[in-house]
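A.B. asks: Next input, structure requested:
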Amino acid sequence: MGYAYLLLPLAIYVLVILIPVIYAAWISLFDWDGVSAGKWVGLHNYAQAFHDPAVRQALIHSIVLVFFYSIIPVAIGLILTGIIARHPLRAVGMWRTILFLPQVLSVVVVGVSWRWILKQDGPFNQLLRAVGLGRWTKVWLGDFTWALPTEGALGTWMLSGLCMVLLLAGAQSIDTELYDAANVDGAGVIREFLTVTVPGLRNQIVVALVLTFAVSLNNFSLIWVTTQGGPGQETQVASTLIYSRAFIVSAVGDASALAIMLGVLMMVIAYGFTRLSERA
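C.D. replies: Residues are numbered from 1 along each chain as shown. Down below sits the predicted model:
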């Protein structure tokens, strides 16, 4: 009976994750529309992906979103953690809850809400007109220049609270004597932050980077709800391209190859961050 409980998580992992991944890898070796009999093409789908301009464009957009979804939120989380850990704010629990709130809201609700807020006659443009910045108004999610940065800004808003909560949890384990020693050495606020807080949060920073990198590379729901990859292909990312190829164009084999490549890329990045953390 005891062995059954030990094997249950492994069985769930195999059924829910491993077998679907193996099946997707098998499908990626076929030219298949999801209905008729597939035609064996070997690694052709993978080779084609490397020469496909749409794939390159989607990957470039995903890399751009990494900056908004990962780098900026981790930086904001670090700064907020440095402030709160050493100089507790009033009602810090309330602010922490407000910043973390986007994580508990449905992505569909968030996407629909922001699509309404950012439309031509939405509250954001009305606010710009009210403060005399009417020339800056635009359909933010429908503008060919601003659609991708706007999606990035939404990602920053969603993930900054998550990073702050992760880093605040780690800050509680930093020995306060290290701060006292830094003060004795004459360290100012910035030096104290760089020499005590940041090194003390090394592992939490790695976790935050891995999580946010995964979200940025695998971001589908928010983009699909707000723009569906548009206008044109300006917000098309790897995950939306995979969905489009599989369920709209019916190129299931091609989509499976892209999904496997994206999964491998995410594992390589996660492994790289882990190794970097171990060497630091």
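
A.B. asks: Every contact and neighbour count from this point should use C-alpha atoms.
C.D. replies: OK.

A.B. asks: And the strands in the chain, which stretches?
C.D. replies: Assigned strands in the chain, in chain order: 30-31, 39-40 (criterion: DSSP state E).

A.B. asks: Now do the last one: which elements does it pack against?
C.D. replies: This points to strand 39-40. strand 30-31 (3 or more Cα pairs under 8 Å, 6 or more residues apart in numbering; DSSP states H and E).

A.B. asks: I'd like the mean pLDDT over stretch 119-130, please.
C.D. replies: Confidence for stretch 119-130, expressed as mean pLDDT, is 93.

A.B. asks: Show residues contacting that stretch.
C.D. replies: 116-118, 134-141 (Cα atoms under 8 Å, 6 or more residues apart in numbering).

A.B. asks: And the residues you listed, which is closest to Arg275?
C.D. replies: Leu141 (37.8 Å; Cα to Cα).

A.B. asks: Where does the prediction get shaky in the stretch 1-150 of the chain?
C.D. replies: Within the stretch 1-150 of the chain, the stretches with pLDDT under 70 are 1-5, 86-92.

A.B. asks: what ranges do the helices span in it?
C.D. replies: Assigned helices in the stretch 1-150 of the chain, in chain order: 2-13, 19-27, 44-50, 53-66, 72-86, 92-104, 107-117, 123-130, 147-171 (criterion: DSSP state H, counting those that start in this stretch).

A.B. asks: closest to Gly188 out of those helices?
C.D. replies: Across these, Gly188 has its closest neighbour in helix 72-86 (12.2 Å, Cα to Cα).

A.B. asks: Of all the strands of the chain, which one is nearest Leu211?
C.D. replies: Between these, strand 30-31 lies closest to Leu211; by Cα to Cα that is 31.9 Å.

A.B. asks: Parallel or antiparallel, list what pairs with the closest one.
C.D. replies: Taking DSSP bridges as the criterion, strand 30-31 forms sheet pairs with strand 39-40 (antiparallel).

A.B. asks: Run the chain-centre distance for the strand it pairs with.
C.D. replies: Using Cα atoms, centre = their mean, to the nearest Å, the mean C-alpha position of strand 39-40 is found 35 Å from that of the whole chain.

A.B. asks: what do you get for stretch 119-131?
C.D. replies: Averaging C-alpha positions (Cα atoms, centre = their mean) puts stretch 119-131 28 Å from its chain's average.

A.B. asks: same deal with stretch 39-51?
C.D. replies: Taking Cα atoms, centre = their mean, one finds stretch 39-51 lying 28 Å from the centre of the chain it belongs to.

A.B. asks: buried stuff in it?
C.D. replies: Within stretch 39-51, the residues that qualify as buried by neighbour count (16 or more other Cα atoms under 10 Å) are 44-46, 49.

A.B. asks: Packed most tightly, which of the helices of the stretch 1-150 of the chain would that be?
C.D. replies: For those, average neighbour numbers computed from mean count of other Cα atoms under 10 Å are highest in helix 147-171, which has a mean of 22.

A.B. asks: quick one: it to helix 107-117, angle?
C.D. replies: 130 degrees (axes from the mean of the first three to the mean of the last three Cα atoms, to 10 degrees).

A.B. asks: just the angle between helix 147-171 and helix 53-66, please?
C.D. replies: When the same axes, to 10 degrees is applied, the directions of helix 147-171 and helix 53-66 differ by 40 degrees.

A.B. asks: So which residues make contact with helix 147-171?
C.D. replies: The list of residues contacting helix 147-171 from outside it, by Cα under 8 Å, 6+ apart, reads 61, 65, 68-70, 72-74, 76-78, 80-81, 85, 96, 99-103, 140-141, 197, 200-201, 204-205, 208, 212, 223, 231, 234-235.

A.B. asks: Over to stretch 226-240?
C.D. replies: Under the contact criterion Cα under 8 Å, 6+ apart, stretch 226-240 has outside partners 55, 57-62, 111-112, 114-115, 141-144, 147-148, 151, 217-220, 223-224, 258-259, 262.

A.B. asks: Look up how far Asn203 lies from Leu276.
C.D. replies: Leu276 sits 10 Å away from Asn203 when distances are taken as Cα to Cα, to the nearest Å.
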